[in-house]
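Asker: just need the structure, nothing else, for what follows:
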Amino acid sequence: MSRIGRLPIQVPAGVTVTVDNNNLVTVKGPKATLSQQVNKIITVKQEGNVLTLTRPNEEKQTKAYHGLYRALLHNMVVGVTDGFSKTLEMVGTGYKAKASGDGKSIEINIGFSHPVIIQAPEGLSFKTPNDTTMVIEGADKQAVGNMAADIRAIRKPEPYLGKGIKYKGEHIRRKEGKTGKK
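Answerer: A predicted model of the protein is given here:
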């Protein structure tokens, strides 16, 4: 069996999980409501506060679906209870970010002639603990990651000075500059 797929998913108190006849799984919790369509090959069973996924055969594609949907459902349960966040850091002189008071938009000064203003999609919010750090929070792990990647793409870190927007803890491979005449 799939090492990931065979693990049961514990559903904490305050979270409700519903599985309809079309294998549409809906997870409702204190932070949000998320839903995921599961392939019909995979069977989702709820027994008390435990979700289990089973597969009918040992084909390679079925094994892949088994682990995939178990991971997606687990991320949904974690997302509606704790939520997910990504932290971005800006490196460069004069680079700064400022989130709006409600966290629905962020204004980034990143060396362009104009500030870049980004609106948060439904379910996401921005925070700026300091001028050079941005935190993206939300219940949907994929949406948080996509928004972080979109913001990083505005000005990727360059390899010579390391200036740009990077993930917290990301290591930027540095290149040596030009060498003079010998």
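
Asker: how about the strands of this structure, start to end?
Answerer: 9-10, 16-19, 24-28, 33-37, 43-47, 50-54, 84-91, 96-99, 105-109, 116-119, 124-130, 133-138, 164-167 (DSSP state E).

Asker: how about these in CSV, adding mean neighbour count?
Answerer: To be clear about C-beta, it is placed using only N, CA and C from the backbone, and glycine gets the same treatment. Formatted as CSV, those follow (neighbours: other CB atoms under 10 Å):
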stretch, mean neighbour count
strand 9-10, 16
strand 16-19, 15
strand 24-28, 18
strand 33-37, 14
strand 43-47, 13
strand 50-54, 17
strand 84-91, 18
strand 96-99, 19
strand 105-109, 18
strand 116-119, 13
strand 124-130, 16
strand 133-138, 21
strand 164-167, 19
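
Asker: same list (those) but as TSV, adding mean pLDDT and distance to Val77.
Answerer: Below are the strands of the chain laid out as TSV (pLDDT from 0 to 100; distance: least, CB to CB, whole Å):
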stretch	mean pLDDT	distance to Val77
strand 9-10	94	6
strand 16-19	94	8
strand 24-28	96	6
strand 33-37	95	9
strand 43-47	93	12
strand 50-54	94	8
strand 84-91	96	12
strand 96-99	96	28
strand 105-109	96	28
strand 116-119	96	28
strand 124-130	96	19
strand 133-138	96	15
strand 164-167	96	25
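
Asker: other SSEs contacting the longest helix seen in the chain?
Answerer: Longest helix of the chain, by residue count under DSSP state H: helix 60-81. Other elements packing on helix 60-81 under the criterion 3 or more CB pairs under 8 Å, 6 or more residues apart in numbering; DSSP states H and E are strand 9-10, strand 24-28, strand 33-37, strand 50-54, helix 141-152.

Asker: how far out from the middle of the chain is it?
Answerer: Mean-position distance between helix 60-81 and its chain equals 14 Å (CA atoms, centre = their mean, to the nearest Å).
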